[in-house]
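J.: next come a sequence and a model predicted from it.
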Amino acid sequence: MARASVMQRAWLADRAARLYAPCVHLLAALSFAGWMIAGAGVHQVLLIAVAVLLITCSCALGLAVPAAQVVACGALMRPGVLVKDGSALERLAMPAWRRHRPVTPAS
């Protein structure tokens, strides 16, 4: 069960990265072209385009998911809720009418 949950998240992250990377490169190219048209110097334009690439680094996508899970688990542990695996967080995030199985308290 836990392995299936990890594989599902990995698949989702891979799918998002496939769309994310071309969009980031396009955004950097548009930034480069826009600032060149606006009359900025070549050094300044390159600095802006590289900054766009660095700030929107695709590794941030890979780090954001585990970091968000750690924060959510920590917030849930304060009132005494123990999260067994990542799919429990995904089920909690879904609206009640979309859940396939109910979230039950651990006994």
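T.: That came in fine, so what should we check first? Numbering: from 1, shown residues only.

J.: so where's the chain shaky on pLDDT?
T.: 1-7, 9, 58-64, 94-107 (pLDDT under 70).

J.: pull the longest helix from it.
T.: Ranked by residue count under DSSP state H, the longest helix found in the chain is helix 2-38.

J.: following that helix, which helix or strand shows up next?
T.: Heading C-terminal from helix 2-38, the first helix or strand you meet, by DSSP states H and E, is helix 42-55.

J.: now for that following helix, which elements pack on it?
T.: In terms of contacts (3 or more C-beta pairs under 8 Å, 6 or more residues apart in numbering; DSSP states H and E), helix 42-55 is packed against helix 2-38. The way it works is simple: take the backbone N, C-alpha and C, and place the C-beta from them, glycine included.

J.: got the angle between the helix it packs on and helix 42-55?
T.: Taking axes from the mean of the first three to the mean of the last three C-alpha atoms, to 10 degrees, helix 2-38 and helix 42-55 form an angle of 170 degrees between their directions.

J.: against which helices or strands is helix 2-38 packed?
T.: Secondary elements touching helix 2-38 (3+ C-beta pairs under 8 Å, 6+ apart): helix 42-55, helix 58-77, helix 86-93.

J.: for those helices, give me TSV that also has mean neighbour count and distance to residue 26.
T.: Putting the helices and strands packed on helix 2-38 into TSV (neighbours: other C-beta atoms under 10 Å; distance: least, C-beta to C-beta, whole Å) gives the following:
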stretch	mean neighbour count	distance to residue 26
helix 42-55	14	10
helix 58-77	12	14
helix 86-93	15	29
